[in-house]
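Colleague: quick one: sequence plus predicted model below, questions after.
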Amino acid sequence: MNTPEDFLSNGDFLKIREALDKKQISSTELTKLSLIKAKAQNDKTNALIHFCDQQALDTAAQADKRIASGETGALLGIPIAVKDLILVKDAPTTAASKMLENFTAPYDATVVSRLRSASAPIIAKANLDEFAMGSSNETSFFGCVKNPWDLSRVPGGSSGGSAAAVAARSFTLSLGTDTGGSIRQPSSLCGITGLKPTYGRVSRYGVVAFASSLDQVGPMCTDALSCAAIMDVISGRDLHDATCNHENKADSFALTKAYSEKQSLKGLKIGLAKQFLSSKVQTDVHRNVEAAIAYYKSVGAEVIEIDLPHVEHSLACYYLICTSEASSNLARYDGVRYGYRSPKEDSSLLDLYKNSRAEGFGDEVKRRILLGTFALSSGYYDDYFQKAARIRRLISKDFESAFKKVDVIASPTSPFTAFKLGEKTKDPLSMYAADIFTLATNLAGLPAVSFNVGFDQSNLPIGLQLQGARWNDNLLLGLAALYQKNNPGKNKAATL
Ligand code: GLN
């Protein structure tokens, strides 16, 4: 292994870092190759909406200089793509919506300015479900993304573009966002590693808002060590986001690496929720998730059955809270200040609002706005929004009691592997059910990781989800890294 292509398609973070630091390859070479590969693969997957060639090559040149002068840094010179919900100055930020089709970001999101300081070349903006609403990447105004493991299937959503491009090794690092599963579910369906950090660990400043009490930015990469390296750069207090007030100790990478070298997990308790065990899950998914848990047991972990009595209400609770917050957040798209403006002759300001919103938003976004507006309207607020808020509290309490008994909670990430394009588009409820295992994490503000633990009979990836207590993100990454070190072959690239 010595060419940039070898390192890119292998995707191992430590090897790429070492090759750059030893000047075996340069950041410029790696970035150029990523751009070429990403563009060629994009014809098949439609994973990326916009390429940032010049910005990326400038950063790569800067990274090469820094490396030449002996500087080190976890992400120094490694190309990364960001979901097109995250603002990158002077590049389009569309949220995969006609509403923002012609919007150019006037400033950088905090996560982006931190990536810039780390000299990680930002090479592209990744496709997603419109305004991050969806589980299959089929609601994008720019067309659906196709799963590189099987182009007739979805990559999951909403961060489907980030997941598909990493799975095909256009690059090895990307950022997604997760409001109800949008980092973890596509990571699972595409066979990569994704972390939804604890709410409040990563700044949401400069990220198009969907449901502000649930939204969180996180890494989607080839392996857990890459995710940890990204967390060291992007997380930590930000004066622009009052919910992001946690100190960044920048110790994720070191702790994850140390954890991956552990010989025994003696003393670690893994919880299995009986509610998850009884859910309907595809047989292959069940078998592979059980095998992964058996691995942890074989190195000393104890597996304990736990009870999360209120999680069965997560789906109903989530779809009331996220739609309510979305209806409020998306009120800013009025056709006046920015975004799409209807060209129709308007007889009144109200008509301008109506036409611009009717023409600018897609069906799923409209459905969410309608549901949320209804749930918040007078007469229904107490019955719907308030009740959901109370149930949310009960779900959080279930987790608080569970984490007194166990360190992590294991489950499948998704009840099934990648489904066919179009299979669930006619039935929103069956689409919403794709997130059955991931939604509760966001409602409780907890961290969770998804990583590949096997393949089904059609060679489609299967993800394991580990959820942790608040701020315990590093333990999750450590456990994922330990699995990856001792179970080679699970972290494969999809071949296009
Ligand atoms: N699939 C879920 C939804 O449609 C989650 C989306 C997300 O996490 N952004 O709302």
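Modeller: Done, it's in. For clarity, every value in this text was computed on a predicted model and none was experimentally measured.

Colleague: tell me which element the closest residue to residue 48 other than its chain neighbours is part of?
Modeller: Closest residue to residue 48 apart from its sequence neighbours, by CB to CB, 6 or more residues apart in numbering: residue 124 at 4.4 Å. Glycine gets a C-beta too; all of them are placed from N, C-alpha and C. Using DSSP states H and E, the secondary-structure element containing residue 124 is strand 122-126.

Colleague: which helices and strands sit right next to that strand?
Modeller: Contacts defined by 3 or more CB pairs under 8 Å, 6 or more residues apart in numbering; DSSP states H and E place strand 122-126 against helix 27-45, strand 48-51, helix 53-68, strand 80-83, helix 110-117, helix 160-167.

Colleague: right, so these: which one is the most enclosed?
Modeller: Highest mean neighbour count of those: helix 160-167, a mean of 34 (counted as mean count of other CB atoms under 10 Å).

Colleague: check the offset of that one from the chain's centre.
Modeller: 10 Å (CA atoms, centre = their mean, to the nearest Å).

Colleague: helix or strand right after that helix?
Modeller: In the C-terminal direction, the helix or strand that comes right after helix 160-167 (DSSP H and E) is strand 173-178.

Colleague: helices and strands around that following strand, which ones?
Modeller: Contacting strand 173-178 under the criterion 3+ CB pairs under 8 Å, 6+ apart are the following elements: strand 80-83, helix 160-167, helix 184-190, strand 193-196, strand 216-221, helix 224-234.

Colleague: could I have the third one exported to CSV, CA atoms only?
Modeller: Right, helix 184-190. As requested, the backbone C-alpha atoms of helix 184-190 are provided in CSV (Å, rounded to 0.1, in the frame of the first residue of the first chain):
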residue,chain,number,x,y,z
ARG,A,184,-26.7,6.6,12.2
GLN,A,185,-29.3,5.1,9.9
PRO,A,186,-27.5,6.0,6.6
SER,A,187,-24.2,4.9,8.3
SER,A,188,-25.8,1.6,8.9
LEU,A,189,-27.3,1.2,5.5
CYS,A,190,-24.0,2.1,3.8
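
Colleague: quick one: mean pLDDT for it?
Modeller: Model confidence over helix 184-190, given as mean pLDDT, is 98.

Colleague: which strands or helices does that helix pack on?
Modeller: Here helix 184-190 is seen to pack against helix 160-167, strand 173-178, strand 193-196, strand 448-455, strand 461-468 when contacts are counted using 3+ CB pairs under 8 Å, 6+ apart.

Colleague: how about it and the ligand, touching?
Modeller: No - judged by CB under 6 Å from any ligand atom, helix 184-190 makes no contact with the ligand; its nearest approach is 6.8 Å.

Colleague: if we can go back for a sec, relative to helix 110-117, how tilted is the strand holding residue 124?
Modeller: Interaxial angle, strand 122-126 versus helix 110-117 (axes from the mean of the first three to the mean of the last three CA atoms, to 10 degrees): 150 degrees.

Colleague: quick one: mean pLDDT over strand 122-126.
Modeller: Looking at strand 122-126 alone, the average pLDDT works out to 98.

Colleague: that strand and the ligand in contact?
Modeller: No - if you take CB under 6 Å from any ligand atom as the test, strand 122-126 misses the ligand, and the best it gets is 13.3 Å.

Colleague: now the helices and strands packed on strand 122-126 in JSON lines, with mean pLDDT?
Modeller: Putting the helices and strands packed on strand 122-126 into JSON lines (pLDDT from 0 to 100) gives the following:
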{"stretch": "helix 27-45", "mean pLDDT": "98"}
{"stretch": "strand 48-51", "mean pLDDT": "98"}
{"stretch": "helix 53-68", "mean pLDDT": "98"}
{"stretch": "strand 80-83", "mean pLDDT": "98"}
{"stretch": "helix 110-117", "mean pLDDT": "98"}
{"stretch": "helix 160-167", "mean pLDDT": "98"}
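
Colleague: distance to residue 343 added to those, as JSON lines?
Modeller: Converted to JSON lines, these look like this (distance: least, CB to CB, whole Å):
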{"stretch": "helix 27-45", "distance to residue 343": "30"}
{"stretch": "strand 48-51", "distance to residue 343": "23"}
{"stretch": "helix 53-68", "distance to residue 343": "32"}
{"stretch": "strand 80-83", "distance to residue 343": "29"}
{"stretch": "helix 110-117", "distance to residue 343": "32"}
{"stretch": "helix 160-167", "distance to residue 343": "29"}
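
Colleague: for these, which one sits closest to the ligand?
Modeller: With CB to the nearest ligand atom as the measure, strand 80-83 is the member of the helices and strands packed on strand 122-126 nearest the ligand (9.6 Å).

Colleague: hmm, who's touching the closest one?
Modeller: Applying CB atoms under 8 Å, 6 or more residues apart in numbering, the set of residues contacting strand 80-83 from outside is 38, 48, 88, 111-112, 115, 120-126, 128, 132, 159, 161-162, 165, 170-171, 173-177, 230.

Colleague: 7 Å - rerun?
Modeller: 48, 88, 112, 115, 120, 122-126, 128, 159, 162, 165, 171, 173-177 (CB atoms under 7 Å, 6 or more residues apart in numbering).

Colleague: report the backbone C-alpha coordinates of the lowest-mean-pLDDT helix or strand in the chain in CSV.
Modeller: Evaluated with mean pLDDT, DSSP states H and E, the helix-and-strand set of the chain has its lowest mean pLDDT in helix 274-277, which scores a mean of 76. Taking Å, rounded to 0.1, in the frame of the first residue of the first chain, the C-alpha atoms of helix 274-277 are listed here in CSV:
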residue,chain,number,x,y,z
LYS,A,274,-36.5,-5.9,26.1
GLN,A,275,-38.5,-3.5,24.0
PHE,A,276,-35.8,-3.6,21.3
LEU,A,277,-35.5,-7.4,21.5
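
Colleague: so how far is that helix off the chain centroid?
Modeller: Relative to its parent chain, helix 274-277 has a centroid offset of 24 Å by CA atoms, centre = their mean.
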